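Asks: Give me a 3D structure for the following:
(chains A, B and C)
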Amino acid sequence: MSPEIFFQIIVNGLFTGGIYSLVAVGLTLIYGVMVIVNFAHGEFLMLGIYVAFWAWTLMDLDPYVAIPIAFALIFGLGALIQRGLVQRVLDAHPLNQIILLVGVSTLLIGLVQFFFSAEPKAIHVSYETAVISAFGLRFAIARLVAFFASMAISLLLFIFLRYTRTGKAIRAVSQSRDAARLMGINVNFIYYLTFGIGAAITAVAGVLLAPNHRMIPTMGQGYSVIAFVVVVLGTMGNFIGAFIGGLIIGVVEAFAGFYLGGDVKIIASMMIFILILLFRPAGLFGRKST
Amino acid sequence: MTTEIPTTSSRGPIRNWFRGVLLDWDRTQMLICFTLVGLLALAPLFISSTYYLGIIILATIYAFIGISWNIVAGFTGQLLIAQIIFLAIGAYTTIVLFNYYLISPWVGILIAGLVAGLCGIIVAFITLRYGLKVDYFALFTIALMVALRTLFLKWDYVGGAVGMWFSLTDPSLDKMIFATKAPYLYIALGLVVIGLLIQYAIYRSKMGKYFLAIREDDDAASALGVNTARYKMLAVVIGAAMAGIGGGFYVMYVTFIEPPQVFNLGLNIELVMAGPIIGGLGSLAGPLVGALLNKPFVEIMRGALAEGRSGNSLIVYGSFLILTIMFMPRGVTGVLHVIYLKIIRRFTNNPEGDN
Amino acid sequence: MALLEANEITKRFGGLVAVGNLSLSVDKGQILGLIGPNGAGKTTAFNMISGFYKADEGEIIFDGEDITGLRPDQICKLGLTRTFQVVKPFPHLSVLDNVMVGAYNRTNDSNESKQKAKEIIDFLGMQKMEGMTAGSLSVAHRKRLEVAKALATDPKIILLDEAMAGLRPTETDEMIELVRQISCQGIALLLVEHVMRVIMSLAERIVVIHHGEKIAEGTPQQICQDKAVIDAYLGEVEIDVTG
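Replies: Residues are numbered from 1 along each chain as shown, chains lettered A, B, ... in the order given. Purely as a prediction, here's the structure:
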């Protein structure tokens, strides 16, 4: 393998991994605060890309302009789902929580399929195939933007959680629901907020895919599975773990795709997933539990 | 579970037996189930439409698969979401044995159960040996399903992406090929009866109590001498073997299989999960009652609302699952149980009630 | 010979020593109290002895057998079981079924198990609740059910983890009486208790731990006068005596 190809694979992997990171950060945030595995997570990415499609067909909006629209809409939807549904099963058997979220996922896919049909859709923009060449490597513009935007959003979220009052409240709730309540934090509000943010940034990841990705209503399921792999790899509930895990999985997939072919690359992620579950279930960033 | 009743010798033995059944909710559930099975068995006498008979047959198969999942998820509370893996393995085993080795489906289906059971052992071993937490188990099975789909798509021996057709020949009993729908229905009903009996036998035995104890509280069960890993594995293996057998018969009936069709979360929800959840997960009658409500209703929705739009059935299923969890987490059987208790309390002066 | 013997068992979490070199022994039919301030490591010690945690160091001998590293269910089969501080009923099962799960420890036969469970339910005076689901019981009855389940496994020793915490005084008295009756049947008991009144009236010997280490051992009278114990408990005793 020539160094050019090697580095090109790494670049491609990181670009894909950036999106994975963003999706996984949303999932891990929700898990960290509510200790619930969001089985409908990939559907928010799918909704995001369809919001971009809808804005593009209806109002001829550039996908990047649709980012705030998608963020706002899906934030509202996420908060609503938390308030109306998830909130009421937080203390129920995990099986009930999962069935509920599988139900939400199925309903969302069904609704999108109903309104947009199951046929693949695509957005066409002037820069969809534009490429920059540098250092002997090729960078697709849309993917370059997606990568840096993912990084920026993750960083913003990190700063938000670390330095703002609300962010600190979210972290407090994730450490102890009861203690946070005693401190006067409105825990339920934090829950709505967290689910909303987790869903919204995932939707933004979907919008970022829009310029050069085809979309189908079931596309979210694949991303759900990848996001599970990433958060387990990077330790459930660990923000930085999810971020780095996403990049790792992206690169691994890129190499697997190179050697095994694009449609088999998911096997590589699954192997990592299974190995992590078996030998280090706490993930790369977790302490060994007793 | 059983409420002791004073046996009065003046009544006839049959009447006493009947009274005993009705005073015991578990046995009442079985009575409901067998009544339903009896009614279904009469269906070919009144329904000539192959379309409607087909729906009834599928609903019956769903009930059997539902029972297999109920034992794993309902009894032991294990989040084996992608139970459809075992159905797919059973289906592929049966069709491969028939197409390549001319082994009769009657035998093939049993081998399918065996193969699926073995796969169940592997899955259970991996997840339990390493003590995976409940939600990780769910993730693991979904990941496994995705990996298997990719693998089967590339595996030419089993038809790869093209899938496999069941080599149809002239109708014959030993090849399990029939000209009419009725024989399929009776085989499916036979499976359901066997499934119900197995489920009941487990439920009333030590194994069943241990399963339920594990679902309710793993640690507490362990402190009382329950080898939780062993019993969890047992449940997975029983469930997998049953799903494998069900899958074998399923493919005999639909005559075609391809990876995206069976390694599919949508079908998993429709075929495996919806019935028991709507009917009442963990109850004895849940899988059958749920399947009989689920399948026909969704078919009607498909027919009535199709008009070129897809996604209806997904909307219906999604809403079903959400509404059930929100408003009747113990399913239809749970609602029936409440009504039952009210009736029982009126007829016996037993204020504590049975269970 | 001692029925249960823990020799210098140690458990660390990360760098923190939760229990360090703890030794204790319980004779057949004896009641041993294990006390200590909050966070002293009592429950950790329980978890090690009953097999929920693996001891990092030391060995645990039960009835002449080394049980260090065995699983809880294996230990239960040998005749050592426990209750939980935060009670763990099987909430959707009936009281009878709850106790039957314990009774299956010694039999595979459902009728036999039911028979045994009913006897124990009678012994605890819970006949009326037999058909109720465990989740619908009051706190006091849940605590009793916890003991019933443990008794049903036919143990030689029961580890009771704060069986009286959260009970009203009259309920506590009933529970003390119950523990005495269990002891009369020749079953040994290891009690972790916060309510000093309970420990003082029940235990024949008491082990006191503080910061994971044993600071005193002796009869209740000796313990009451022990300087180290009084220091460790300073401020807590007043609160707990009323319990």
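Asks: Now do the closest residue to C:Ser183 other than its chain neighbours: how many residues are near it, please.
Replies: In space, and not counting its chain neighbours, C:Ser183 is closest to C:Ile31: 5.6 Å by C-beta to C-beta, 6 or more residues apart in numbering or on different chains. (Each C-beta comes from the backbone N, C-alpha and C, glycine too.) Residues near C:Ile31, counting by other C-beta atoms under 10 Å in any protein chain shown, number 22.
Asks: again with C:Ser138
Replies: Using other C-beta under 10 Å, C:Ser138 has 10 other residues around it.
Asks: isn't the residue nearest to C:Ser183 right up against C:Leu202?
Replies: Yes - using C-beta atoms under 8 Å, C:Ile31 is in contact with C:Leu202, at 5.5 Å.
Asks: So, low pLDDT: which residues of chain C?
Replies: Counting by pLDDT under 70, chain C has low-confidence residues at C:233-243.
Asks: residues in it within reach of chain B, list them.
Replies: Counting by C-beta under 8 Å from any C-beta of the partner chain, the residues of chain C lying close to chain B are C:50, C:52, C:71-74, C:76-77, C:81-84, C:88-94, C:96-97, C:100-102, C:104-105, C:108, C:110, C:113, C:128-133, C:149-150, C:152-153.
Asks: do that again at 7 Å, thanks
Replies: Proximity of chain C to chain B, by C-beta under 7 Å from any C-beta of the partner chain, involves residues C:50, C:52, C:72-73, C:76-77, C:81-82, C:84, C:88, C:90-94, C:97, C:100-102, C:104-105, C:108, C:110, C:128, C:131-133, C:149, C:153.
Asks: Just the buried ones from these?
Replies: For the residues of chain C next to chain B, a burial check counting by 16 or more other C-beta atoms under 10 Å in any protein chain shown picks out C:50, C:52, C:72-73, C:76-77, C:81-82, C:84, C:88, C:90, C:92-94, C:97, C:100-102, C:104-105, C:110, C:131-133, C:149, C:153.
Asks: So which of those are in strands?
Replies: C:81-82 (DSSP state E).
Asks: Narrow the buried ones among the residues of chain C next to chain B to those in helices?
Replies: C:72-73, C:76-77, C:97, C:100-102, C:110, C:149 (DSSP state H).
Asks: Which two of those residues have the greatest separation?
Replies: Maximum pairwise distance in those, criterion C-beta to C-beta, is 23.2 Å, between C:Pro72 and C:Ser110.
Asks: quick one, helices of the stretch 51-200 of chain A?
Replies: Assigned by DSSP state H, counting those that start in this stretch, the stretch 51-200 of chain A shows helices spanning A:66-84, A:94-116, A:141-163, A:165-175, A:177-182, A:187-209.
Asks: most packed of those?
Replies: Comparing the helices of the stretch 51-200 of chain A by mean neighbour count (mean count of other C-beta atoms under 10 Å in any protein chain shown), helix A:187-209 comes out on top with a mean of 25.
Asks: downstream neighbour of that helix in the secondary structure list?
Replies: Counting by DSSP states H and E, the next helix or strand C-terminal to helix A:187-209 is helix A:219-233.
Asks: contacts for that following helix?
Replies: Helix A:219-233 is contacted from outside by A:20, A:23-24, A:27-28, A:31, A:39, A:41-43, A:45-46, A:242, A:245-246, A:248-249, A:269, A:272-273, A:276-277, A:283-284, B:136, B:139, B:142-143, B:146, B:265, using C-beta atoms under 7 Å, 6 or more residues apart in numbering or on different chains.
Asks: From those residues, which land in strands?
Replies: Among these, the subset assigned to strands under DSSP E is empty.
Asks: Please indicate which of those residues are buried?
Replies: The neighbour count (16+ other C-beta under 10 Å) marks A:20, A:23-24, A:27-28, A:31, A:39, A:41-43, A:45-46, A:242, A:245-246, A:248-249, A:269, A:272-273, A:276-277, A:283, B:136, B:139, B:142-143, B:146, B:265 as buried among the contacts of helix A:219-233.
Asks: now C:Ile158, what's its secondary structure?
Replies: Here C:Ile158 is recorded as strand under DSSP: H, G, I helix; E, B strand; the rest coil.
Asks: From what I see, it and C:Lys149 are in contact.
Replies: No - the pair C:Ile158 / C:Lys149 is not scored as a contact, 10.3 Å apart, by C-beta atoms under 7 Å.
Asks: Check whether C:Leu34 sits in a helix, strand or coil.
Replies: Three-state call for C:Leu34 (three-state DSSP): strand.
Asks: ok so, going back, specify which member of the ones in helices among the buried ones among the residues of chain C next to chain B is nearest to chain A.
Replies: Proximity of those to chain A (C-beta to the nearest C-beta) peaks at C:Pro72, which lies at 14.1 Å.
Asks: What are the neighbouring residues in contact with that closest one?
Replies: Taking C-beta under 7 Å, 6+ apart as the test, what C:Pro72 contacts is B:222-223, C:50-52.
Asks: For the stretch 101-250 of chain A, which residues are neighbours of chain B?
Replies: In this structure, the stretch 101-250 of chain A approaches chain B at residues A:102-104, A:106-107, A:109-111, A:113-114, A:117-118, A:221, A:225, A:228-229, A:232, judged by C-beta under 7 Å from any C-beta.
Asks: Find the nearest non-adjacent residue to the residue nearest the centre of chain B, please.
Replies: Central residue of chain B (C-alpha atoms, centre = their mean): B:Gly66, 1.6 Å from the mean position. Distances taken as C-beta to C-beta, 6+ apart put B:Pro287 closest to B:Gly66, at 3.2 Å, once the chain neighbours are dropped.
Asks: which residues sit in contact with that neighbour?
Replies: By C-beta under 7 Å, 6+ apart, B:Pro287 lies in contact with B:63, B:66-67, B:70, B:275-276, B:279.
Asks: Relative to the whole chain's centre, how far out is the longest helix along chain C?
Replies: In chain C, taking DSSP H as the definition, the longest helix is helix C:169-184. The chain centre lies 13 Å from the centre of helix C:169-184; the measure is C-alpha atoms, centre = their mean, to the nearest Å.
Asks: how far does the helix or strand that it is followed by sit from the chain's center?
Replies: On the C-terminal side of helix C:169-184, the closest following helix or strand by DSSP H and E is strand C:188-192. Centroid separation between strand C:188-192 and its chain, computed with C-alpha atoms, centre = their mean, is 5 Å.
Asks: what are the pairing partners of strand C:188-192, and which direction each?
Replies: Note on strand C:188-192: by DSSP bridges, its sheet partners are strand C:31-35 (parallel), strand C:157-161 (parallel).
Asks: returning to what we had before: against which helices or strands is the longest helix of chain C packed?
Replies: If contacts are counted by 3 or more C-beta pairs under 7 Å, 6 or more residues apart in numbering or on different chains; DSSP states H and E, helix C:169-184 sits against helix C:139-152, strand C:188-192, helix C:196-202.
Asks: Enumerate every residue touching A:Phe239.
Replies: Contacts of A:Phe239 (C-beta under 7 Å, 6+ apart): A:25, A:28, A:158.
Asks: Grab the nearest non-local neighbour of the last one.
Replies: Spatial nearest neighbour of A:Phe158, chain neighbours left out: A:Phe239 (6.5 Å); criterion: C-beta to C-beta, 6+ apart.
Asks: Can you give me the distance of A:Arg177 to A:Asp91?
Replies: 11 Å (C-beta to C-beta, to the nearest Å).
Asks: near chain A, which residues of the stretch 201-350 of chain B?
Replies: Contact residues (C-beta under 7 Å from any C-beta) of the stretch 201-350 of chain B with chain A: B:265, B:269, B:277, B:309-312, B:314-315, B:317-319, B:321-322, B:325-326, B:329.
Asks: sorry, that was for chain C
Replies: C:13-14, C:53.
Asks: most neighbours, which of those?
Replies: In terms of neighbours by other C-beta under 10 Å, the residues of chain C next to chain A top out with C:Tyr53 at 19 neighbours.
Asks: List phi and psi for that residue.
Replies: phi -110, psi 150 (degrees, to the nearest 10).
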